[in-house]
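*Asks:* quick check, what structure comes out for this input:
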Amino acid sequence: MNIDVYKGFGLILIVMGGVLALYTYFILGVNPLTALWIGLMITGASILLTPSQAPRRVREITVLIDKILMNITFFLETLRIFGNNLFKSYDGNVYIFISKNYIDKIPDDVEKNFIIYIDGEPVIRLVSPINKDLVKDFAEPCPAIEYVLIEYLDSADRIECVEEDDRVVVRIIRPILPSTSRLDKTIGGVYGVVTGSIYALMRGETSINHVETSLEALTIYMRLKK
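*Replies:* So this is what the prediction gives:
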C-alpha cells in the first residue's frame, strides 16, 4: 500500500481550510470563523509534515481531525447546509456532497468547486482522502475498511459489515473517537468518511442515512444507489 491516508487528510484540511477562509471572509468579513479556518490550514500542514510511521501521532491526529470535522459541521449548520449526503466516485477519487435537501443525482460533469448548485440549492463538495489506489488490493469493502480504520488509523478494535440489497450496516467495535449528533447529521466524522468512501469506490454511489452509538460500538447505516 503506497497511498498515505494520513497525509491525505492533511492535504485535504489545507485545501478545505483555504476555501472556507476565503468564503467566510467575502461573505462575513473578518471574524473568528476566519481564524478558525486559518487554523485548519495550519493543522493540515502539521499533519502533512509529520512522519506517518509514528503510530501514536497518527492516533492523536485522527482524534484532532474528528474535532475539526465537528467545527466544519458547525459552519454548515450556520449556512443551513446539512442533513443529507452522497458519496460519489469520479475517476478513482471520491467526492462527498452535503446538502439540506435529499441528493437524488449528481451530474457527471459537475464543476470542481467547493460549492455547487443543484436545482437552485447550494451543495457543499468535499474531497475524500480515500481513493481507488488505496483499496486496489481488496475485493470487498469490509476488509478495506478494517485496513484503514484498524491497521492504519488505529481507531477501532473490529469491523462488522452486513449488506442486504441496497442497505448496508457497518458496525465499528470499540471506536476511540467520540461521536456527536452534529457529526451524525452530516457525514459521521472520520468513520463515516472512510466507510462511505470505500463503499462508493466498490459499490457505487452511497449515502449515510443514520449513525447510532452505544458503549461498545458505532453503527453506520447506509444506502447504495443501484
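
*Asks:* helices and strands of this structure: which one has the lowest mean pLDDT?
*Replies:* The helix or strand of the chain with the poorest confidence is helix 181-185; it has a mean of 55 (mean pLDDT, DSSP states H and E).

*Asks:* can you give me the helices in this protein?
*Replies:* Applying DSSP state H to the chain gives helices spanning 5-28, 32-49, 55-78, 141-146, 181-185, 189-203.

*Asks:* beta partners of Thr219?
*Replies:* Judged by DSSP bridges, the bridge partners of Thr219 are Arg171, Glu212.

*Asks:* state the number of residues packed around it.
*Replies:* 17 (other C-beta atoms under 10 Å). All C-beta spots, glycine's among them, are computed from the backbone N, C-alpha and C.

*Asks:* hang on, isn't it packed against Pro175?
*Replies:* No - counting by C-beta atoms under 8 Å, Thr219 stays clear of Pro175, with 10.2 Å between them.

*Asks:* let's see stretch 127-136 as CSV, backbone CA atoms only.
*Replies:* Provided in CSV are the C-alpha atoms of stretch 127-136 (Å, rounded to 0.1, in the frame of the first residue of the first chain):
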residue,chain,number,x,y,z
VAL,A,127,-12.8,15.6,-1.5
SER,A,128,-12.3,12.4,0.4
PRO,A,129,-8.7,11.2,1.3
ILE,A,130,-9.8,7.7,0.3
ASN,A,131,-9.1,6.8,-3.4
LYS,A,132,-9.1,3.8,-5.7
ASP,A,133,-5.3,3.1,-5.3
LEU,A,134,-5.8,2.7,-1.5
VAL,A,135,-8.2,-0.2,-1.9
LYS,A,136,-6.9,-1.8,-5.1
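
*Asks:* can you pull the buried residues of it?
*Replies:* Val127, Ser128, Pro129, Ile130, Asn131, Leu134, Val135 (16 or more other C-beta atoms under 10 Å).

*Asks:* how about a markdown table for the residues you listed, with distance to Pro107 and pLDDT added?
*Replies:* Formatted as a markdown table, the buried residues of stretch 127-136 follow (distance: C-beta to C-beta, whole Å; pLDDT from 0 to 100):
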| residue | distance to Pro107 | pLDDT |
| --- | --- | --- |
| Val127 | 17 | 78 |
| Ser128 | 19 | 81 |
| Pro129 | 24 | 78 |
| Ile130 | 22 | 84 |
| Asn131 | 21 | 85 |
| Leu134 | 26 | 82 |
| Val135 | 25 | 86 |
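
*Asks:* output the residues you listed in a markdown table, with distance to Tyr147 appended to each entry.
*Replies:* As requested, those are exported to a markdown table (distance: C-beta to C-beta, whole Å):
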| residue | distance to Tyr147 |
| --- | --- |
| Val127 | 20 |
| Ser128 | 16 |
| Pro129 | 14 |
| Ile130 | 11 |
| Asn131 | 14 |
| Leu134 | 8 |
| Val135 | 8 |
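
*Asks:* thank you, goodbye.
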